[in-house]
Every structure is written in C-alpha cells, then in structure tokens.
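> fold the following, please.
(2 chains)
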Amino acid sequence: MGTFPRHRLAAVALAATGVLLVTSGCGGDDEAAGDGKITLTVDVFGQFGYEQLYQQYMDANPNIKIVERGTGGNLDEYSPKLTQWLAAGKGAGDVVAIEEGLMVEYKANPDNFVNLLDHGAADLKGNFLEWKWNQGLTADGQKLIGLGTDVGGMAMCYRTDLFEKAGLPTDREQVSALWPTWEAYIATGEKFKAANTGAAFLDAATNTFNTIVLQSAGNAQGYHYYDTSDNLVVDSNPAVKQAWDTTMNIINAGLSGKYGSWSEEWVSAFKQAKFATIACPAWMTGVIEGNAGPEAKGKWDIARVPGNGGNWGGSHLAVPRQSKHQDEAVKLAKFLTSAEGHIGAFKAKGPLPSSPQALDDPAITEATNAYFSDAPVGKIFGEGAKTLKPVYMGPKNQAVRTEVENAVRTVELGQRNPEQGWQDAINNAKKAAAK
Amino acid sequence: MALQLDARPPATPAPRNTRPSRAGRLSRIDAKYSPYLYIAPFFVIFAIFGAWPLAYTFWVSLHDWDLLGSDPTFIGAENYTRLLVDSDFWHSVVNTLGIFVLSTLPQLLAALWLANLLNRQLRMRTGWRMAVLVPNVTSTAAVAIVFGVLFGREFGMVNWLLDLVGVDGIEWKSNRFASWVAISTMVDWRWTGYNALIFLAAMQAIPRDLYEAAAIDGANRARQFWTITVPLLKPTIIFCVIISTIGGLQLFTEPRLFHSGTNAIRGGPMRESQTMTMYMFENAFAPYYNFGYGSAVAWLLFALIAIVAAINVLIIRRLGAGARPDTGKRKGGSR
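The predicted structure is shown next:
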C-alpha cells in the first residue's frame, strides 16, 4: 500500500465510488429470455391446482414459459406482497390471483391493472356466474380487472375414524342428517365430546364463525360488515350478531380445539387428528389434503354444511399493468378461467368452478374425491353453486374481518368473556374502518 | 489507513522551482481532497440507502398515503397527532420496551459472565469460543420458527417439560408476559455469544499485571472482576448496550415468526407481543395499507431509539464514573 502512487489510489477510489453509484442507481431490467421464449409469472396462494393446465398451455404455445410462485402460501402473506409489488410498480407476476375479500381494495385503484374489457373480455361474461363477473368489475362498470376462478361453496368435512370412535354414524348422508342446523351441530358436538376421543370437535371457532356469518348474511340481506352503501354495520346487522351468538354457544360448549387457523399448531392438529370436523369451503379440501397428508387418505369425508348454503372465498385472476407481456398474460388468464381451466383446477385441487358451463359438465357433476373416501364432491359443492348467495364486501372488509375474528379468538382462548368480546369486536372494527 | 491520511504530503516541503510545476499542483490537490474521496463510498451509500429513505419516510408520514392509491394528500402532522393518542401504538411501545429490558439485561450479564469464563485457561479454548457464536450464524427465521414450535401450547416441548414436573401448560402466545419471556429467550439465545466474544476481546486487552497486583493485595476473583474487569470494559459495554438497544427496539423477525397463521402481524389475539416494527408493518402494509401512518410509526420509533440510547449512555457513564477513579484521564484517551 505504501508504495502505491497516491493519485492512482485516488483514481481507484473515484472509480469505485462511480461504480457504486451506477450499480445502485439502476437495478437493471433482467429479461432473461435467452431462448426467445416469453416467461409469464403467475402469483397465487393456497392451492389453485394449475400445474397440469400450465403444461397443457405451454405445449399448445411453445413460445410461452410459465413460472408459478406461491402455491401452499398463506393469503395473509401473499396479499401484502402483492400490494407492495403494485405500489412499487415492479415485482408482480404477469398474472396474479386476487381473493374476493381484497378485491374491493384493489378495485378502488383499477389503474394498477389491465382493463380486461380492452382485451375483448366482454364476450366472456356468459362464462361466469353473474355475481362473480360483477365482483371483477369496477363500480362504474367501465373496467374489468379480474376474471373469476373459483367460488367457495360450503360443506362440512369430518374424520370418519374419529366419528366411529365416538359412536357417531360415519356415512355422509347420515352425518348430514345429524346437523340440519347449527344448533343440531352443537348438540352433535356435545355427544362427540362426551365420548372422550381425545380430539376436539372442531378446529377453531374463527373458521366456524366466518362460515356462519357468511351463510347467515347471504341468506338475509346479502351483506355482513358493510352494507351495500359502504356503511359499517357490524354493530347493527342482525346477521353478524346471530353468527356471533351461535359461535359463542360453540365455544361455551367446549367444542373448539382452539388451534389458531393457519398456524403451525393448526397444521400439526391436522396431522395428529386432533379435531373431527372443519367448516369446509370447496377450496378447503385441497388445504386439508395438504395438511393432513397422505396417511390420512380415506379417513376424511364430506357432509352438508349445517344451516343452508353460503359462500366463503374464491378468487379472480388479474393482469397488473406493470406486466411486460400484457397480451400474452391476458390470454393465459382467459385460458385459466375458461370452463376447461375451471374443470382442470377442480380435478387437481378442488376449487369449485365459477363457470356455469363447467358446473354443468359431467367432469364436475360426477367428480369424486379419492382422498375424501370417494365423496361425490362435484355433487356436494356443485349443487348449490349456481344459486349461491354472495355476500357484499365493503372497502375495509379485510381489516374489519380481522378485528371481529380476533375478538372471537380472545373469547375462545378465555381472555375475554362473550360480552367483552362483542364490545371489542365493535370498537376495534370501527377503529379499523376509520384507518 | 488513518495514519497515512494524516501524514503531510512529502512533495510540498521544498519547491526547487519558483514556478509551481503542474505535477506539484496536482499533487497538492490530490493530498487535499483524496482523503475525502476515500471515505466517500461510505457516505454515498449511506446517502442512498440511509439518509434518503429517512427523509422520504418523513415526507410520506405527512400525507394520507394509501399504498395503492395514486394521489396522496398532504395532511401535515395529523398522522402524528393521531398516533400519539392511539392506544394500540402505545401498547406496542410497552411491548417493545418490555421485551427489550427482558432480553437485553440478562443477555449482557450472561455475556459478561461467559466472556469471563472463556478468558480463563480452558482446554480447547478456541473451540469453546467458536461454539458460543454458533447460534448467531443460524438464520433468524429458522430460530424463530423452531422456538415458535417449542413454545407451542399443545404440541410444544416447553409445555411438555413443564407438564413433566407437574406445572400446567402456559399459553405462551396469548399471555402477554409469557410471550415476552419466550421472545426474549430467542433473542438471548442468538446474541449472548456474540456479545460474549466482544467482551472477551476487550478483556484480553486488559493488562495482566493489574490482576496480579490485585491478587497480591488479596482480592479474590469476584472482586477482581467487579473492580478491574468491569470498569475497564466500560467503552465496550457502552458499545454493546447501544447495539443491543438498536436491535432490541427494532425487533421484528423473532416476534413475527413466533406467531403463525392468520394475522400473525398482530403478535397474538390481543397484541400480546406486537412490537413497534410489527405495528408499523401492520399499518403500512396488510391489512391497512396506510403508508403515511406506518411512516409516522417509523419516525417515532427512530425518536424512541435515540432517546433510549441516550439514557443508556448516561446510565453507563454514571455507573462507570463511580467505579473508576481516574475519570479525568479518559478525556484525552483513544476515543
């Protein structure tokens, strides 16, 4: 170092500084298309069941390469990432999944997405259930940002081995007959509990609450936390209070295993057969299979949901405006949301089609699921799908839902009593809506 | 490097020519400005990745800024005035400070003790010294997930062990104090060894003859430790305290991954262990996407760290002044 000429050293320092400036200045556009192929990235969460469809699409379109990110991931982790990518103008996939509860927020800023109506999507309207189509449409009807994937038709999944141990019937028709209403479901749970199988009757009160509230809201006014004019009505909507009270009865009867939904413990509880029933929107079947693993194959079955119908969840596919291959991405999204795409996804992982054509297709109506003791899933979930009564989601739906479910959780864990919990739910929901 | 930079340029002392040569002028410019150039990379990088984001965050915090929206509106200090009366925010401040105290105090004491042990004549000394650093090179995420499982309510090993000795299982994740303890354990597991090595390095710089003299005067090991080792370690302790403060108050990965499932960012159903950085994330990102409010949290966090660091330094100075008679000498010292 000592003999190194001083001005040379200065030049080196200058050069180093310059290089740093340059490298930190521009992140570079890394289009790695060495073979002339266009790479389309698809961002999903949970189980969309698209793997085979990608292969099919790539075979038919040799210039396209599809990369998927996020299968098995949790919606709670996916949505902030997607939002950050959109806000940063960089990072999002060419096709992204948007869950219905968050659709309202994304629709509020439709310019982040390609208007699919500009890409001839208007012709596709008949391919979707009407309300599903409308969910992807902005309030003024001028912009379509998402094409529907699945709807969350509801059922009740249960473990036949635990039911047998408790001396309850295991046949799905007989099990369905056990619980025409949620009161009957609770009564069944009490019988189950009395048999001391070492397992809880249900996984977590939060999931059950969400099922009940969506069902009772769908059967009543068609909205839960927000009315259709976007006023927060958590405290005044009888559907919400009714669902709350039913859930409190479930908790008071000691039926919940208290495994916080989507937590590590929840997954362990699946593996160790620690609960006997779980509220089961169609997409949940894929989640159960993933969590309980192959060793539980044939030990699960599907019965009707207590009460009547209901819809929980379901998604859309959108194309962010930041995509460099918008035309190709729209084409892929159209393919994945075609009747064929819906059927393929259903066969792979169970999400219920939102396309009436697919719902009528024998591939769906006659479908059975080997994991769930060959239950006729197409019939169970498909039956009510066309008459599903959707629930309106207001602007801060996700944040409000979080607060109400957390209140359920605090009661379930014994931190609050039901009255305190209800007050928390109302106060925190108001706070969340104002943020 | 520093010595070299301070040296006078050798070219200037005796100009033989009356007319300054070009080379001479260049050399003088070089000598005058190149030191700045040498340290420039740090400041340039700091400006890009430190100062600019800091300023930008402040700018954002003055707006009603929806992360997805396109037209943020300027609202002045409103985010701050709302934040100051936000009970959830203060709840997270208390959590952060609680976890900080609960983790840092035992951590530094244990590190000091560990360093003292490692400073003795041990067999396989290097092996032991390396071993204490192992937890630190483990990925935080892995540590947090493993501890999250260990502290599980029903399937966790800690509750299983408690059960063996006849103690009822603890709700580690939904009991405020218990979750603080669990998270502090995680932090300590990771950082005690690291601090111990820093202390050890400083201990080895303490002249042996001080201990010999003390031993001759009849001071036992404990006495030597408290009246020689600890006072002479003061600058190092200050360093460790400040670093731990910055790390402790920004605690995120451990508490975030300690919880799993829906709304893990809340740190428990009643925000039992939600730290300030988690609250910032919750507001700036999911589920609120209120970037302005989140930025305001970030700035208050910055202020809090500065205040706590200042208090720390004052306390340590005061403690040190009592223990060490020759405070006057320090001023001209190496720092």
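> how about the strands in the stretch 301-435 of chain A?
A:315-318, A:352-353 (DSSP state E, counting those that start in this stretch).
> can you redo those as CSV with mean neighbour count?
Bear in mind the C-beta positions are built from the backbone N, C-alpha and C, glycine included. Converted to CSV, the strands of the stretch 301-435 of chain A look like this (neighbours: other CB atoms under 10 Å in any protein chain shown):
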stretch, mean neighbour count
strand A:315-318, 30
strand A:352-353, 33
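> looking at the ones you listed, which has the lowest confidence?
Looking at those, the lowest mean pLDDT belongs to strand A:352-353 (a mean of 92).
> that one pairs with which strands?
strand A:150-151 (antiparallel) (DSSP bridges).
> quick check, distance from the partner strand to the centre of its chain.
Taking CA atoms, centre = their mean, to the nearest Å, one finds strand A:150-151 lying 9 Å from the centre of the chain it belongs to.
> ok, stretch A:176-194 next?
27 Å.
> between the strands of the stretch 301-435 of chain A, which gets nearest to residue B:295?
strand A:315-318 (27.4 Å; CB to CB).
> dump the closest one to CSV, keeping only the CA atoms.
Coordinates of each C-alpha in strand A:315-318 appear next as CSV, following Å, rounded to 0.1, in the frame of the first residue of the first chain:
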residue,chain,number,x,y,z
SER,A,315,-60.6,-15.5,-6.3
HIS,A,316,-60.0,-13.7,-9.6
LEU,A,317,-57.1,-13.6,-11.9
ALA,A,318,-55.8,-10.1,-12.9
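> pull out the buried positions in the helix or strand hosting residue A:80.
Using DSSP states H and E, residue A:80 sits in helix A:75-88. By 16 or more other CB atoms under 10 Å in any protein chain shown, the buried positions in helix A:75-88 come out as A:75, A:76, A:78, A:79, A:80, A:81, A:82, A:83, A:84, A:85, A:86, A:87.
> cool, and stretch B:276-296?
B:276-296.
> cool, stretch B:117-135 as well?
B:118, B:119, B:129, B:132, B:135.
> and what of stretch A:267-285?
Applying 16+ other CB under 10 Å to stretch A:267-285 flags A:267-270, A:273-285 as buried.
> wait, isn't residue A:75 in contact with residue A:48?
No - using CB atoms under 8 Å, residue A:75 is not in contact with residue A:48; the gap is 12.0 Å.
> and the buried residues of stretch A:267-285 near chain B, which?
Near chain B, taking CB under 8 Å from any CB of the partner chain as the test, the members of the buried residues of stretch A:267-285 found are A:268, A:269, A:274.
> what's the neighbour count on residue 188?
You didn't pick a chain, so chain A it is. 23 (other CB atoms under 10 Å in any protein chain shown).
> hmm, no, I was thinking of chain B.
Residue B:188: 21 neighbours (other CB under 10 Å).
> quick one: the helix holding residue A:80 to chain centroid distance?
With CA atoms, centre = their mean, you get 15 Å for helix A:75-88.
> just the C-alphas of it, formatted as CSV.
In CSV, the C-alpha atoms belonging to helix A:75-88 read as follows (Å, rounded to 0.1, in the frame of the first residue of the first chain):
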residue,chain,number,x,y,z
LEU,A,75,-53.2,-15.4,1.9
ASP,A,76,-52.1,-13.2,4.8
GLU,A,77,-48.6,-13.3,3.5
TYR,A,78,-49.5,-13.1,-0.1
SER,A,79,-51.7,-10.0,-0.2
PRO,A,80,-49.2,-7.5,1.4
LYS,A,81,-46.6,-8.8,-1.0
LEU,A,82,-48.8,-8.2,-4.0
THR,A,83,-49.7,-4.8,-2.7
GLN,A,84,-46.1,-3.8,-2.3
TRP,A,85,-45.3,-5.0,-5.8
LEU,A,86,-48.2,-3.0,-7.2
ALA,A,87,-47.2,0.1,-5.2
ALA,A,88,-43.5,-0.2,-6.3
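> which elements pack onto the helix or strand following it?
Later in the chain than helix A:75-88, the nearest helix or strand by DSSP H and E is strand A:95-99. Judged by 3 or more CB pairs under 8 Å, 6 or more residues apart in numbering or on different chains; DSSP states H and E, the packing partners of strand A:95-99 are strand A:38-43, helix A:75-88, strand A:315-318, helix A:326-336.
> adding distance to chain B, write the ones you listed out as CSV.
Listed next are those as CSV, based on distance: least, CB to the nearest CB, whole Å:
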stretch, distance to chain B
strand A:38-43, 15
helix A:75-88, 4
strand A:315-318, 13
helix A:326-336, 19
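> so which of the ones you listed comes closest to residue A:417?
Of all the helices and strands packed on strand A:95-99, helix A:75-88 comes closest under CB to CB, at 27.4 Å.
> gap between residue B:292 and chain A?
11 Å (CB to the nearest CB, to the nearest Å).
> tell me which helix or strand that residue sits in.
Per DSSP H and E: helix B:291-323 holds residue B:292.
> okay, buried residues for that helix please.
B:291-301, B:304-305, B:308-309, B:312, B:316, B:320.
> before we move on, what about stretch A:286-295?
For stretch A:286-295, by 16+ other CB under 10 Å, it's A:286, A:287, A:288, A:289, A:291, A:292.
> in helices only, show me the residues you listed.
Applying DSSP state H to these, the entries found in helices are A:286, A:287, A:288, A:289, A:291, A:292.
> can you pull out the strands in chain B?
Remark: strands assigned in chain B by DSSP state E are B:63-64, B:73-74.
> cool, and the stretch 51-200 of chain A?
A:64-69, A:95-99, A:147-148, A:150-151, A:154-159, A:200-202.
> so for residue A:84, what's the nearest residue that isn't a sequence neighbour?
Closest residue to residue A:84 apart from its sequence neighbours, by CB to CB, 6 or more residues apart in numbering or on different chains: residue B:285 at 6.7 Å.
> residue numbers of the stretch 101-250 of chain A in contact with chain B?
A:105, A:106, A:108, A:109, A:111, A:112, A:206.
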